[in-house]
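[1] no sequence on this one, just coordinates:
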């Protein structure tokens, strides 16, 4: 895998990033360390985490994923310098009062969250520090429409950038990024950074997969024109695009108990649990089989080969899953197959947006 540049930063990473949100919930620490060892052995040099992980978020596992990573770095002296490490500051509470007091995300909150992440990760610097979701009111995590009556912002984008600039100046953060953002948000962060000589966002981490392609309707142009790179998360649609739920559905006695959607009721209540999302996934999964490949290979190849994507974030619970995801690299999709994918999208749209 040839390394790619993130935005206008000097971060150069592999086009596959290991996401770690399962570490500390579905994956225990020894297994997580084994997966990390294997990922590095296979050439992956980009890791992504967040202060609120593990997922599903619970008070008992807040910060657990960063702690597992920090312990792994401590066990492997010198390895930290060879890897690009990304983490995130949580946005406004969203029903998680254990993250911080108050419902917002102030400049002081950003600094305090960064300090906490540095301690848990046992590192002096975070290569890419991302805002996990916007401080202002936006449609995110499956919400369909923007509602101006729900505005709650207390900390302007300018203030957020100034707080992040302080962390960069102090040498605690190298570059900054966004997540679950909108075209407006990306434009404002870039505009204000250029206007006030503040750090410029290098990346946006948003959902992108066969059943959730909303970013192709506006955000991709924004990011292309502003030189901001996409980190695509959930390329397998929380498991829907692996085919594991095709026969059983996402709940009931036959649903795979190791699958996140089947295992956690909170996940089934989100966009991944919609009947329409499963129906669309089944169509794509059958298309993959009709073309002689596994559903996961088709879904991953779709992300790996799209011009919009800089690096695809894969989440795994076993070494075997990691190998399957990495082995899909290099798969090409014919123009005819891509046309069939678009035909399904035209009919089914984006049910997991």
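    That came through, no problem. Here the structure is a predicted model, which is why all the values come from computation and not from measurement.

[2] SS state for the closest residue to residue 291 other than its chain neighbours?
    Spatially, and ignoring its direct neighbours in sequence, residue 291 is nearest to residue 337 (5.8 Å; Cβ to Cβ, 6 or more residues apart in numbering). No exception for glycine: its C-beta is placed from N, CA and C like everyone else's. Following DSSP: H, G, I helix; E, B strand; the rest coil, the label given to residue 337 is helix.

[3] give me the neighbour count for residue 337.
    For residue 337, the count of nearby residues is 18 (other Cβ atoms under 10 Å).

[4] ok, now the one 5 residues further on?
    One way to gauge burial is a neighbour count; for residue 342, by other Cβ under 10 Å, it gives 11.

[5] what's in contact with the one helix or strand it maps to?
    Using DSSP states H and E, residue 342 maps to helix 335-348. For helix 335-348, the external contacting residues (Cβ atoms under 8 Å, 6 or more residues apart in numbering) are 210-211, 213, 276, 279-280, 283-284, 287, 291, 302, 333.

[6] which of these count as buried?
    210-211, 213, 280, 283-284, 287, 302, 333 (16 or more other Cβ atoms under 10 Å).

[7] one step back: return the set of buried residues in the helix holding residue 342.
    For helix 335-348, the neighbour count (16+ other Cβ under 10 Å) marks 337, 340-341, 344-345, 348 as buried.

[8] want to throw those into JSON lines with pLDDT?
    Formatted as JSON lines, the buried residues of helix 335-348 follow (pLDDT from 0 to 100):
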{"residue": "337", "pLDDT": "98"}
{"residue": "340", "pLDDT": "98"}
{"residue": "341", "pLDDT": "98"}
{"residue": "344", "pLDDT": "98"}
{"residue": "345", "pLDDT": "98"}
{"residue": "348", "pLDDT": "97"}
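
[9] from residue 262, how far out is the residue located most distally from the centre of the chain?
    Of all residues in the chain, residue 253 has its C-alpha farthest from the mean position, at 30.0 Å, by Cα atoms, centre = their mean. Remark: distance between residue 253 and residue 262 (Cβ to Cβ, to the nearest Å) = 10 Å.

[10] cool, and residue 68?
    24 Å.

[11] what about the strands in the protein?
    4-5, 12-13, 16-19, 46-48, 84-89, 126-131, 173-179, 201-207, 229-233, 309-315 (DSSP state E).

[12] residue 144 is nearest to which of those?
    The closest of the strands of the chain to residue 144 is strand 201-207. By Cβ to Cβ, the value is 13.9 Å.

[13] show residues contacting that closest one.
    By Cβ under 8 Å, 6+ apart, strand 201-207 touches 6-9, 11, 48, 88, 128, 130, 175-181, 186, 189-190, 193, 215, 219, 223, 228-234, 310, 313, 352-353.

[14] name the strands paired with that strand and say parallel or antiparallel.
    Note on strand 201-207: by DSSP bridges, its sheet partners are strand 173-179 (parallel), strand 229-233 (parallel).

[15] any idea of the angle the longest one forms with strand 84-89?
    It refers to strand 173-179. 60 degrees (axes from the mean of the first three to the mean of the last three Cα atoms, to 10 degrees).

[16] likewise for the last one?
    Relative orientation of strand 229-233 versus strand 84-89 (the same axes, to 10 degrees): 70 degrees.

[17] average pLDDT across strand 229-233?
    For strand 229-233, the mean per-residue pLDDT is 99.

[18] ditto for the first one
    In this model, strand 173-179 carries a mean pLDDT of 99.

[19] which parts of that strand are buried?
    Applying 16+ other Cβ under 10 Å to strand 173-179 flags 173-179 as buried.

[20] cool, and the shortest one?
    For strand 229-233, burial by neighbour count (16+ other Cβ under 10 Å) applies to 229-233.

[21] before we move on, what about stretch 115-125?
    Buried, per 16+ other Cβ under 10 Å, within stretch 115-125: 116-118, 120-121, 123, 125.

[22] over to stretch 29-49?
    By 16+ other Cβ under 10 Å, the buried positions in stretch 29-49 come out as 31-33, 35-36, 38-40, 42, 44-49.

[23] starting at the chain centroid, how far to stretch 155-164?
    Counting by Cα atoms, centre = their mean, to the nearest Å, stretch 155-164 is centred 22 Å from the centre of its parent chain.

[24] ok, so of the buried residues of strand 173-179, who is nearest residue 17?
    Of all the buried residues of strand 173-179, residue 17 sits closest to residue 177, with 11.9 Å by Cβ to Cβ.

[25] contact partners for the residue lying closest to residue 27 once chain neighbours are set aside?
    Residue nearest to residue 27 in three dimensions, not counting chain neighbours: residue 317, with 5.3 Å by Cβ to Cβ, 6+ apart. Contact partners of residue 317, counting by Cβ under 8 Å, 6+ apart, are 22, 26-27, 31, 258.

[26] so residue 317 versus residue 162, what's the distance?
    Distance, residue 317 to residue 162, by Cβ to Cβ: 39 Å.

[27] equivalent analysis for residue 238, please.
    Relative to residue 162, and taking Cβ to Cβ, residue 238 is found at 35 Å.

[28] and for residue 343?
    For residue 343 relative to residue 162 (Cβ to Cβ), the value is 48 Å.
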